[in-house]
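Student: Show me the folded form of this:
(2 chains)
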2 protein chains.
Amino acid sequence: MNKAITVGLLGLGTVGSGVIEILRDHKERIEHKTGCDVTIKSVLVSDMSKPREVPAETQLTDQYQDITRDPEIDVIVEVMGGIDHTLTILLEAIEHGKHIVTANKDLVAQHGEQLFEACQKHNCDLYYEASVAGGIPIIRSIMDGLSSDRITKMMGIVNGTTNYIMTKMAQDGVDFDSVLKEAQDLGFAEADPTADVDGLDAARKMTILSILGFSMPYSLEDVDIKGIRGISSDDITYAEELGYRIKLIGIAENDHNGVSVSVEPTLLPIQHPLSSVNDEFNAVYVYGDAVGETMFYGPGAGKLPTATAVVADLIAVLKNIRLGTTGTAYVQPQFPKQVKTKKEQVTKKYIRLHADDKAGMLNDLTNIFAQYDLSFDQFTQRSTDQEGERELMMVTHQVSEEDFEKAIQDLETLDSVRSIDSIFRVEGGN
Amino acid sequence: MNKAITVGLLGLGTVGSGVIEILRDHKERIEHKTGCDVTIKSVLVSDMSKPREVPAETQLTDQYQDITRDPEIDVIVEVMGGIDHTLTILLEAIEHGKHIVTANKDLVAQHGEQLFEACQKHNCDLYYEASVAGGIPIIRSIMDGLSSDRITKMMGIVNGTTNYIMTKMAQDGVDFDSVLKEAQDLGFAEADPTADVDGLDAARKMTILSILGFSMPYSLEDVDIKGIRGISSDDITYAEELGYRIKLIGIAENDHNGVSVSVEPTLLPIQHPLSSVNDEFNAVYVYGDAVGETMFYGPGAGKLPTATAVVADLIAVLKNIRLGTTGTAYVQPQFPKQVKTKKEQVTKKYIRLHADDKAGMLNDLTNIFAQYDLSFDQFTQRSTDQEGERELMMVTHQVSEEDFEKAIQDLETLDSVRSIDSIFRVEGGN
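Tutor: So this is what the prediction gives:
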């Protein structure tokens, strides 16, 4: 005999309609797996007058209390987005004993701790697989699949819009602005692309992964964020020549000094598995002490991929309800927060700059680098179409963020340096 | 207050020592995640006289009943391998109420159903993540992460030895026998490599994935298996020229006609994500109706990668014990077994053959193919160093296995055909 479970859905945009579609198309599968019959009783929408396609038994409301306070509703599926107002609604729902499934990375990255505490107090489930990398079950893989290992590094292509833009720039040799416009026309990029192209969206996802993967509190404010606006076609060409591809990569590292998380354009060796992740696809590369390297690849967004993650979470909640084990998924972080200083953050860098083609220029430059013990893995110099100008591309060996920033400040004071055009992180090699 | 859990370990080879190592190195992590203190009380070994490194509290035995009948032991971790004798031991352990974690693909592929039934009867857990693709949490990803979706196809590089051999053959242009010898010297291939190179090992893993992914019983006997012995350097070169790479791929497909599973050398488009999975790495590509394409990549074997999967399973059992929900993981297959006939199995094929260079030869060939409605996507003909001989490489469009086999039989009767050298499956395109 199946158990009847009643769901309240917050939001009926793309993902919301995907959830309704999957619950309808996979009804028997879900019943078989969970022993539960699921009904979506109510859906919160902002505009009641808009025509909607919902099941006959589902009612619409624009009053969230109709859902949070409805004693019949067991589980809330939140796919409306937003932060402060949504937090209020979910906290009220949790107080009323509702289990939560959310796809909201902004909310989880910023208020995850508060939500988890409320859930623990009221013995509720909180699942959020869809908040990072849409259709890729990366949260589960980290929580369960790699639970026996110590994760030391995660590298993610976790924003589809920027990966689409970087792929097109590399493949077609066009510049950032043209590709962005094309992506907007195709619906791959928002009208206001700021959160995507400036790296904030990826930073939120990396924050969520870091807390989970390193079992340590970490804040969005501690993430170093650089977007992709500054990348020129020249950089992409030069990187290829040096054996690299440029991607917007979120990197989270954990060693004995603590954790550092950054989102920035990064040169990856062409043969690195993340280098072949193209178009709007996402992938998360995870290094564990024991397991070595693993990668999880798939669609990072989209109606049905995201909805599959939401419904997979719902299935987990249904199983917990049947087994009487709701509220047990959350584990307090094992370690206190420890953020690496700039001195402890050590990476390789790519620098492209323009300088006067005059005697002593190179010596001035190398003097500065030598002062900070900064040596080079690769160095190229070429003439430009400007009279008396040279363009220099350098890839450094490992250098601390602190020393590197000082070196760049010193470089900027040199008369012979006309412009420092690009500075990107480099992964791979030594 | 932590709960004390006692483990019996069956086998102390590479993976067994890895399990001991991870339980020691990650003691605090595991205690934190599970609230359990784990002790390995006994280890079953075949040779008591061999010196072993085990924790002080651990005793060795060569009598399995010391473990299966020990009332103190809660969980059995089986990493000894073998089929019939191991089945006997595990069934006895289950009868005594022990939960089982196993890395034994041979056993699960052949006797999984019997083990699951025994576990259900005695309310025991059975976890087997390490049996497929070592460090990649693919079983969990299919069971939980993609639980809301209908999986229609899985393609796996699930045997590290053959992938290592295929990678070296492609990269260094050497032939099968030399690479196999090198792999044996390096310890990547067994002294008796039959199960690996002839595809049986991969077939066992694909059987396990198919039962799980399609929620349908499926037998090892129903898998079409071809190994990699017949692949020549020429095939690899020609495939490259046509835009393909050859890999040993397990392919499981599920449509309205039923399920077909095969393991065979397969031509994959070079840009396919599985084509860049090199050396001894494994990867499983999963297509779902809603999620689209996802891929899971990582080490397929090795002491610590495999042991992480075993200990991740142990952690799952520990959590279940704490929550009082053991024996609930197994779900009966939803659908009855339905194996596709040869008429229903439709694929593209690559054929390489040698024929007489004489008038009408090509017409004889094309007549046969036309008879079975078999048309070509790619066709190349070249001269060989034999007088009056031509070599032909063809990639067909989709054709049923039944028609294709008949066409090949007819080809073999042609006087002008000197030898049919290679026949491989082709994926991608139409």
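Student: list the contacts for the residue nearest to residue A:388 when sequence neighbours are not counted?
Tutor: The shortest distance from residue A:388 to any non-neighbouring residue, by Cβ to Cβ, 6 or more residues apart in numbering or on different chains, is to residue A:357 (5.0 Å). Glycine gets a C-beta too; all of them are placed from N, C-alpha and C. Counting by Cβ atoms under 8 Å, 6 or more residues apart in numbering or on different chains, residue A:357 makes contact with A:383, A:388, A:389, A:390.
Student: cutoff 7 Å now
Tutor: Residues near residue A:357 by Cβ atoms under 7 Å, 6 or more residues apart in numbering or on different chains: A:388, A:389, A:390.
Student: what comes up buried for stretch A:258-272?
Tutor: Buried residues in stretch A:258-272, counted by 16 or more other Cβ atoms under 10 Å in any protein chain shown: A:258, A:259, A:260, A:261, A:262, A:263, A:264, A:265, A:266, A:267, A:268, A:272.
Student: What about the contacts of residue A:357, which one has the most neighbours?
Tutor: residue A:390 (19 neighbours; other Cβ atoms under 10 Å in any protein chain shown).
Student: Helix or strand for the most far-flung residue of chain A relative to its centre, just tell me which one.
Tutor: Largest separation from the mean C-alpha position in chain A: residue A:359, at 46.2 Å (Cα atoms, centre = their mean). Assigned by DSSP states H and E, residue A:359 falls within no helix or strand.
Student: Now do the host helix or strand of residue A:268: which elements does it pack against?
Tutor: Following DSSP H and E, one finds residue A:268 within strand A:258-269. In terms of contacts (3 or more Cβ pairs under 7 Å, 6 or more residues apart in numbering or on different chains; DSSP states H and E), strand A:258-269 is packed against helix A:200-214, strand A:224-225, strand A:244-255, strand A:417-426.
Student: ok, 6 Å please
Tutor: Where contact means 3 or more Cβ pairs under 6 Å, 6 or more residues apart in numbering or on different chains; DSSP states H and E, strand A:258-269 is packed against helix A:200-214, strand A:244-255, strand A:417-426.
Student: And the contacts of the longest one?
Tutor: The contact list for helix A:200-214, computed with Cβ atoms under 6 Å, 6 or more residues apart in numbering or on different chains, reads A:105-106, A:108-109, A:132, A:142, A:151, A:154, A:158-159, A:195, A:218, A:220, A:223, A:225, A:250, A:252, A:254, A:259, A:261, A:263.
Student: hmm, try it at 7 Å
Tutor: Taking Cβ under 7 Å, 6+ apart as the rule, helix A:200-214 contacts A:105-106, A:108-109, A:112, A:131-133, A:139, A:142-143, A:151, A:154, A:156, A:158-159, A:195, A:217-218, A:220, A:223, A:225, A:248, A:250, A:252, A:254, A:259, A:261, A:263, A:333.
Student: rewinding a little: list just the nearest of the buried residues of stretch A:258-272 to residue A:75.
Tutor: Distance to residue A:75 across these (Cβ to Cβ) is lowest for residue A:261, with 31.4 Å.
Student: Neighbours of the closest residue to chain B within the stretch 301-430 of chain A, how many?
Tutor: The minimum distance from the stretch 301-430 of chain A to chain B, using Cβ to the nearest Cβ, falls at residue A:311 (3.5 Å). Using other Cβ under 10 Å, residue A:311 is surrounded by 29 other residues.
Student: Just list what whichever strand or helix holds it packs against, helices and strands only.
Tutor: Residue A:311 belongs to helix A:303-323 when assigned by DSSP H and E. Applying 3+ Cβ pairs under 7 Å, 6+ apart, one finds that helix A:303-323 contacts strand A:3-10, helix A:14-25, helix A:27-34, strand A:75-78, strand A:99-102, strand A:126-127.
Student: In its sheet, which strands sit next to the helix or strand just after that helix, and in what direction?
Tutor: Using DSSP H and E, the helix or strand that directly follows helix A:303-323 along the chain is strand A:346-356. Sheet pairing of strand A:346-356 (DSSP bridges) gives strand A:389-396 (antiparallel), strand A:399-400 (antiparallel), strand A:417-426 (antiparallel).
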